[in-house]
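S.K.: can you look at this prediction? I've put the sequence above it.
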Number of protein chains: 2
Amino acid sequence: MATERIAIIGGAGELGLGLALRWAKAGEDIVIGSRDAAKAQEAAARVGDAVPAAKIAGLDNAAAAAGARIVVLAVPFSAQAGILKSIKGALKNAILVDASVPLAATIGGRPTRMLGVWEGSAAQQAAGLVPGVPVVSAFHNLSAEMLHDFSLQLDCDILICGDDAAAKERVSALVKLIPGLRPLDAGPLEMSRIVESMTALMISLNRRYKTHHSGIRITGIPPQ
Amino acid sequence: MATERIAIIGGAGELGLGLALRWAKAGEDIVIGSRDAAKAQEAAARVGDAVPAAKIAGLDNAAAAAGARIVVLAVPFSAQAGILKSIKGALKNAILVDASVPLAATIGGRPTRMLGVWEGSAAQQAAGLVPGVPVVSAFHNLSAEMLHDFSLQLDCDILICGDDAAAKERVSALVKLIPGLRPLDAGPLEMSRIVESMTALMISLNRRYKTHHSGIRITGIPPQ
């Protein structure tokens, strides 16, 4: 399983780079995708500096997606549809992991408010754009800052939504590779609208309590 | 502060009765409101059985609200507007605490889906119906079953939304009276739409993980 390549589209961004760092540290084979291949290579070099043994490369988005079985989309919501259209042809055998959050900040609004997405959520919009590709939504409520700092202990549940049980299992396994994260199956893809909006709540809590590190834990879940 | 009477409208229901039990145990002066005064008295008797020293009474909704400084609305969303109109006159000096969740189940839909409320959330609808009354939303993501069983250790954050800082402080103090609960200020009342929808998420998690006890903890909040 650890030999399946993971492409992180938007891997030069805060969340994408954070996931790349943590998965590279866990020994996964990672390729960072960016619109600009040079930026992707730069981000890959940063991962290589932090994790000397990293299996890491940087390519433009379409090339990055082409060789991967897991494609993580970690891009601003405003870029989601355009980028998905540009990499669609490369997703035939892939699982698409969408981490997009339609914050109102995307269009100049407040980061504690959400846009209404016609399909119900960013993840459902993604699924509509790549019919036939299993779409799983995850990694919305995670502090990117904490992913970047290996000295910090993560303490967060990752709520996973999707309609394909096997794809959710695969993503759960990827979550477990990062110490301090626990995957939880939050239900079908339509539940993603709630999980996505919880990001706006985390931003509100971060502001009020002067932190960048808030996360979510679900209590009362029996040991699996 | 402990001498301010708390009215729990819908106090014969699962959540309302659970809060009544826990606050009565903490020594608060509680009055349970119901449409049917006999039902309210029955619920009050149950609290008296569980907490022999309880300061507890049961009255019809309007009478219950009339004598209270804190009025907690713990009724099904479909009953919220009607009941608010019927007790509105009694709320002049009160803080209204709304715990309503507009689950689609209210109108025969799924409990993992939400209704769209024109104002944005049940709490905002409530605020529109009682202009001038400070409205705080809280207690959405709490297992009623756990409130009822004193042998169970609660383990849950209560996300509080509202536009009146003093009212939020007062409700925070009430949360702290229940061991295992931590109040967190989630921001203005408009954030309630997210907190309310998290109830549907908890229901989805409860089903999937075969429990009735899930709750939410926010991690990474510096000690207050």
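M.R.: Great, that's in hand.

S.K.: torsion angles phi and psi at residue A:162?
M.R.: For residue A:162, the backbone dihedrals are phi 170, psi 160 (criterion: degrees, to the nearest 10).

S.K.: let me know the pLDDT of it.
M.R.: pLDDT recorded at residue A:162 is 98.

S.K.: what bridges to it?
M.R.: Taking DSSP bridges, one obtains residue A:136 as the residues bridged to residue A:162.

S.K.: what angle separates the helix ranked longest in chain A from helix B:192-208?
M.R.: Ranked by residue count under DSSP state H, the longest helix found in chain A is helix A:192-208. Here the directions of helix A:192-208 and helix B:192-208 differ by 130 degrees (axes from the mean of the first three to the mean of the last three CA atoms, to 10 degrees).

S.K.: does chain B sit close to helix A:192-208?
M.R.: Yes - counting by CB under 8 Å from any CB of the partner chain, contacts between helix A:192-208 and chain B involve A:193, A:194, A:195, A:197, A:198, A:200, A:201, A:202, A:204, A:205, A:207, A:208. Backbone N, C-alpha and C define where each C-beta goes, glycine included.

S.K.: the third one contacts residue A:141, doesn't it?
M.R.: Yes - the criterion here is CB atoms under 8 Å, and residue A:195 meets it with residue A:141 at 6.9 Å.

S.K.: anything in contact with each of these two?
M.R.: When contacts are counted by CB atoms under 8 Å, 6 or more residues apart in numbering or on different chains, residue A:195 and residue A:141 are jointly contacted by residue A:159.

S.K.: ok, these two, which is more surrounded?
M.R.: Taking neighbours as other CB atoms under 10 Å in any protein chain shown, residue A:195 and residue A:141 compare with residue A:195 leading, 26 against 21.

S.K.: contact partners for the more buried one?
M.R.: Residues near residue A:195 by CB under 8 Å, 6+ apart: A:137, A:140, A:141, A:159, A:161, A:186, B:201.

S.K.: now it: closest residue in space, sequence neighbours ignored.
M.R.: Nearest-residue entry for residue A:195: residue A:159, 4.6 Å, with adjacent residues in sequence omitted and distances by CB to CB, 6 or more residues apart in numbering or on different chains.

S.K.: could you give the number of residues near residue A:108?
M.R.: The burial count assigned to residue A:108 is 6, neighbours taken as other CB under 10 Å.

S.K.: for the one 10 residues further on, same thing?
M.R.: Residue A:118 has 8 neighbouring residues, counting by other CB under 10 Å.

S.K.: quick one: it from chain B, how far?
M.R.: Using CB to the nearest CB, to the nearest Å, residue A:118 is found at 13 Å from chain B.

S.K.: okay, and that residue sits in which element?
M.R.: Residue A:118 is part of no helix or strand when elements are defined by DSSP states H and E.

S.K.: can you pull the phi/psi pair for it?
M.R.: phi -50, psi -40.

S.K.: so who does it touch?
M.R.: residue A:125.

S.K.: so residue A:24 sits against residue A:52, correct?
M.R.: No - judged on CB under 8 Å, residue A:24 makes no contact with residue A:52 at a distance of 10.0 Å.

S.K.: return the per-residue confidence for the residue positioned nearest the centre of chain A.
M.R.: Closest to where the C-alpha atoms of chain A average out (CA atoms, centre = their mean) is residue A:99, at 4.0 Å. As predicted, residue A:99 sits at a pLDDT of 98.

S.K.: quick check: residues of chain A near chain B?
M.R.: A:112-114, A:143, A:146, A:155-156, A:159, A:184-187, A:190-191, A:193-195, A:197-198, A:200-202, A:204-205, A:207-211, A:213-222, A:224.

S.K.: if any of those are buried, put those into a PyMOL selection.
M.R.: Burial among these is assessed by 16 or more other CB atoms under 10 Å in any protein chain shown; the matching PyMOL selection reads:
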select buried, chain A and resi 112+113+114+143+146+155+156+159+184+185+186+187+190+191+193+194+195+197+198+200+201+202+204+205+209+211+213+214+215+216+217+218+219+220+221
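
S.K.: all helices of chain A, in order?
M.R.: Per DSSP H, chain A carries helices over the ranges A:14-25, A:37-50, A:61-66, A:77-87, A:122-129, A:144-148, A:165-176, A:192-208.

S.K.: starting at the chain centroid, how far to the last one?
M.R.: So the one you mean is helix A:192-208. Computed by CA atoms, centre = their mean, to the nearest Å, the chain-centroid distance of helix A:192-208 equals 15 Å.

S.K.: cool, and the fifth one?
M.R.: With CA atoms, centre = their mean as the basis, the distance from the averaged C-alpha position of helix A:122-129 to the chain average is 14 Å.

S.K.: who touches that helix?
M.R.: Taking CB under 8 Å, 6+ apart as the rule, helix A:122-129 contacts A:73, A:77, A:80-81, A:84-85, A:88, A:96, A:98, A:100-102, A:117-119, A:133, A:135, A:137, A:161-163, A:189-190, A:192-193, A:196.
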